[in-house]
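S.K.: my questions concern the predicted model and sequence given below.
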Number of protein chains: 2
Amino acid sequence: MSNTTADSYSISELAQEFGITTRTIRFYEDKGLLSPERRGQTRIYSPEDRVRLKLILRGKRLGFSLDESREIIDMYDPAKGNVEQLNRLLERIDTKRQQLLQQQRDIEKMLSQLDDATARAEVARIEALKQQTT
Amino acid sequence: MSNTTADSYSISELAQEFGITTRTIRFYEDKGLLSPERRGQTRIYSPEDRVRLKLILRGKRLGFSLDESREIIDMYDPAKGNVEQLNRLLERIDTKRQQLLQQQRDIEKMLSQLDDATARAEVARIEALKQQTT
DNA sequence: ATTCACGTTTACGTTAACGTAAACGTCAAC
DNA sequence: GTTGACGTTTACGTTAACGTAAACGTGAAT
């Protein structure tokens, strides 16, 4: 199972790779975000499962809920298409895009705010160094 | 209180402006993120309070916890400075910066993923249009 | 045969971030 | 003087996202 060109993974392999617990992975399955195959009782994860997990964790880093991540993941596969559904899908994709663009703006502002904070702290540090009794 | 160049705000003014409830604003105060003045029982919010609230909500959009937002806000004012503290502050600022840069990368990937999804959905939509019985 | 390492299910516990409701004060308006 | 609109405090409820623990199965190794 510790194959280099592995095309399947155990639950603990994935847990270790992504720095999460097996409990978390099973929880995601409960919530319908993953559905690995079974060999007997044991779960076997495909590369696709791994990708889905990766997307979930990326969503987490962006503050998305599991439902939101599920939505985003499902957007990628418009298999079952009637026109109305696809129109709604395109709508939802665009909504997510707007949200991400908003986040980009927020990050820009925070980063320049942190630059300000750095400058201030450095100035204060110089002052503190001058005052040192040592 | 509905002054154009207002330098103070009521709780409901802020709630409406930012699309949150007064309950939420009081909650932030409980958590030590805001400390408005009082006129008798009533809370009065300064422009600085308003900015702090803005920063909190920006943090929320980025998936930050209230504690994280508080930290970021506090970083901006290195009033009390001994050298050691300021060094640690600079460390923490840098950590946050790394986190934000990671988020930028995550957003980039998600955006291009959404572009893919859009393309796929549009293709599927064309197919569905061809098949229409109408 | 038993000891591990790893897996399983089931279930109760926990934390954050509010929602919701009750019960009350206050001040301008009718 | 009572009715709103707006404010307050206090407190219990709720949801998401897991943590933690118990109790057990299973296959390879000693």
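M.R.: It's in. Numbering: from 1, shown residues only, chains lettered A, B, ... in the order given.
S.K.: dihedrals phi and psi, A:Y45?
M.R.: phi -100, psi 130 (degrees, to the nearest 10).
S.K.: mind checking how far it is from A:F27?
M.R.: To A:F27, A:Y45 is 15 Å away according to CB to CB, to the nearest Å. To be clear about C-beta, it is placed using only N, CA and C from the backbone, and glycine gets the same treatment.
S.K.: in terms of neighbours, single out the busier of the two.
M.R.: Set A:Y45 next to A:F27 and count neighbours by other CB atoms under 10 Å in any protein chain shown: A:Y45 wins out with 23 against 14.
S.K.: identify the bridge partners of that one.
M.R.: Following DSSP bridges, A:Y45 is listed with bridge partners A:Y9.
S.K.: I'd guessed it sits against A:S8; true?
M.R.: Yes: using CB atoms under 8 Å, A:Y45 is in contact with A:S8, at 6.4 Å.
S.K.: quick check, the residue in chain A closest to chain B?
M.R.: At 1.5 Å from chain B, A:G63 is the closest residue in chain A, using CB to the nearest CB.
S.K.: show me where pLDDT drops low in chain A?
M.R.: With pLDDT under 70 as the threshold, chain A has low-confidence stretches at A:1-6, A:133-134.
S.K.: tell me which parts of it are close to DNA strand C?
M.R.: Within chain A, the residues that sit near DNA strand C (CB under 7 Å from any atom of the strand) are A:10-13, A:22-23, A:26, A:41-43.
S.K.: and those as TSV, adding secondary structure, neighbour count and distance to B:D49?
M.R.: Formatted as TSV, those follow (DSSP: H, G, I helix; E, B strand; the rest coil; neighbours: other CB atoms under 10 Å in any protein chain shown; distance: CB to CB, whole Å):
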residue	secondary structure	neighbour count	distance to B:D49
A:S10	coil	17	52
A:I11	helix	18	48
A:S12	helix	12	48
A:E13	helix	16	49
A:T22	helix	14	45
A:R23	helix	10	41
A:R26	helix	15	44
A:Q41	coil	5	56
A:T42	strand	10	55
A:R43	strand	20	51
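S.K.: and which of these is nearest to B:A79?
M.R.: A:R23 (43.0 Å; CB to CB).
S.K.: on that earlier part again, what's the closest non-adjacent residue to the residue of chain A closest to chain B?
M.R.: Counting by CB to CB, 6 or more residues apart in numbering or on different chains, A:G63 lies nearest to B:G63, which is 1.5 Å off, once chain neighbours are set aside.
S.K.: helices of chain A, residue ranges please.
M.R.: Remark: helices assigned in chain A by DSSP state H are A:11-18, A:22-30, A:47-61, A:66-75, A:83-130.
S.K.: could you dump these into JSON lines with distance to DNA strand D added?
M.R.: As requested, the helices of chain A are exported to JSON lines (distance: least, CB to the nearest atom of the strand, whole Å):
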{"stretch": "helix A:11-18", "distance to DNA strand D": "9"}
{"stretch": "helix A:22-30", "distance to DNA strand D": "4"}
{"stretch": "helix A:47-61", "distance to DNA strand D": "6"}
{"stretch": "helix A:66-75", "distance to DNA strand D": "4"}
{"stretch": "helix A:83-130", "distance to DNA strand D": "15"}
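S.K.: can I get those in CSV including distance to A:E37?
M.R.: Formatted as CSV, those follow (distance: least, CB to CB, whole Å):
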stretch, distance to A:E37
helix A:11-18, 12
helix A:22-30, 12
helix A:47-61, 9
helix A:66-75, 18
helix A:83-130, 27
